[in-house]
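# sequence and computational prediction follow.
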Amino acid sequence: MIREPTKLLGFRVDAQHREKLEEEIAQRILKNDPCRWLACLNPHSVVMAGKDAAFKEALNGADWLIPDGTGIVLASRVLGRGIRERVTGYDIFKGVHEELNSAKEVSVFFLGSTEGTLKIIQKRMAEDYPIVRVAGVFSPPFKAEFTPDDDKAMIEAVNAVQPDILWVGMTAPKQEKWVNRNKDRLNVKFIGAVGAVFDYYAGNIKRAPDWVCRMGLEWLFRWIQEPRRLWERNIVSTPKFLWMVAKERFRKR
C-alpha cells in the first residue's frame, strides 16, 4: 500500500514503504519525467532547520523527504502520524540501482567526497551494477559555502555528460541547499542528496549490522566510529529534538 506524505514537526515526510518508493523513483527516471529530487530527514536536520531558514526551505522543497532516522519514526508514533518504517539514503541508493540494473542502461554522476573515494565508488559500481554506467564524478572544494564560480564548475561538469541520476554526497545542510538552489540548472532526471552514503559505499565507514539497525541503534554504532564528528548530533540535537516532540504532543492534548 502506498501512503501519502505525512506532516511531522513542520515537514512533509514521505510515508511509503521502501520498496514502493524505490520502484516509483526508478520508474520516473525511465519515463523521462521532469527532474525530481530526494532529501533525508533525521532529528539533527530537524533541529538545524529550526535555525536555518534556507535549509528548512530546501527540505520542504524536496519531492521526496524520507524518514532517515529512528527518531523520526518514533516521533511519528508518539504524535500519531503515518510513518511506520525508517528509509535511509543508503536504502534508496542501493534499491534504485537494483531496480535500474535490471531495466536498461542509465547513467549516474557522483558529486562530492574526495577523488580517492570517488575512484573506489566507480570501481565498485562497475562490479555491482554493470548496466548502470558512471558518466562522471566531481570532487568539489571542501569549504563551508560555495561561491558562484564553484556552483558553475559543478553544474558544467554534470551537464557536460548529461547523466540520468545525480547523487550528491556532501554534508548537511550544504548539500540540500546546493541542490535546492541549482536543481533547475541541472540536466538530470533525478537528484539524491544522500550525505554519508558515498563513504558507506566506498567502505570508508562501516555500516551497522542488520540486527543493530532493527534495534534502532545505528546512531550509536556510527557515534562510536566517529565520536568527534557526531557529538553535536547526539549530545546537543537529540535532546532538543525530543523536547520538540514532547511540546508537540502536549500541544495536541
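All right, it came through fine.

# please enumerate the strands of the stretch 151-253 of the chain.
Counting by DSSP state E, counting those that start in this stretch, the stretch 151-253 of the chain has these strands, from start to end: 165-169, 190-193.

# reformat those strands as a markdown table; add distance to F55, mean neighbour count and mean pLDDT.
(C-beta placed from N, C-alpha, C; glycine too.) What follows is the strands of the stretch 151-253 of the chain, written out as a markdown table (distance: least, CB to CB, whole Å; neighbours: other CB atoms under 10 Å; pLDDT from 0 to 100):
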| stretch | distance to F55 | mean neighbour count | mean pLDDT |
| --- | --- | --- | --- |
| strand 165-169 | 14 | 26 | 98 |
| strand 190-193 | 11 | 26 | 98 |
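
# which one of those lies closest to V47?
Between V47 and the strands of the stretch 151-253 of the chain, the shortest separation by CB to CB is 17.8 Å, and it involves strand 190-193.

# so which of the strands of the stretch 151-253 of the chain is nearest A75?
Proximity to A75, assessed across the strands of the stretch 151-253 of the chain by CB to CB, is greatest for strand 190-193 (21.1 Å).

# CA atoms only for the closest one, dumped as PDB, please.
Taking C-alpha atoms only, strand 190-193 is exported to PDB below (Å, rounded to 0.1, in the frame of the first residue of the first chain):
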ATOM      1  CA  PHE A 190      16.700  12.600 -10.500                       C
ATOM      2  CA  ILE A 191      18.900  14.100  -7.800                       C
ATOM      3  CA  GLY A 192      19.500  12.300  -4.500                       C
ATOM      4  CA  ALA A 193      21.100  14.200  -1.600                       C
END
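
# which residues are in contact with it?
Defining contact as CB atoms under 8 Å, 6 or more residues apart in numbering, one finds that strand 190-193 is touched by 25, 28-29, 35-40, 62, 89, 92-93, 96, 164-168, 170, 172, 175-176, 179, 183.

# of those residues, which belong to helices?
Applying DSSP state H to these, the entries found in helices are I25, R28, I29, G89, I92, F93, V96, Q175, E176, V179.
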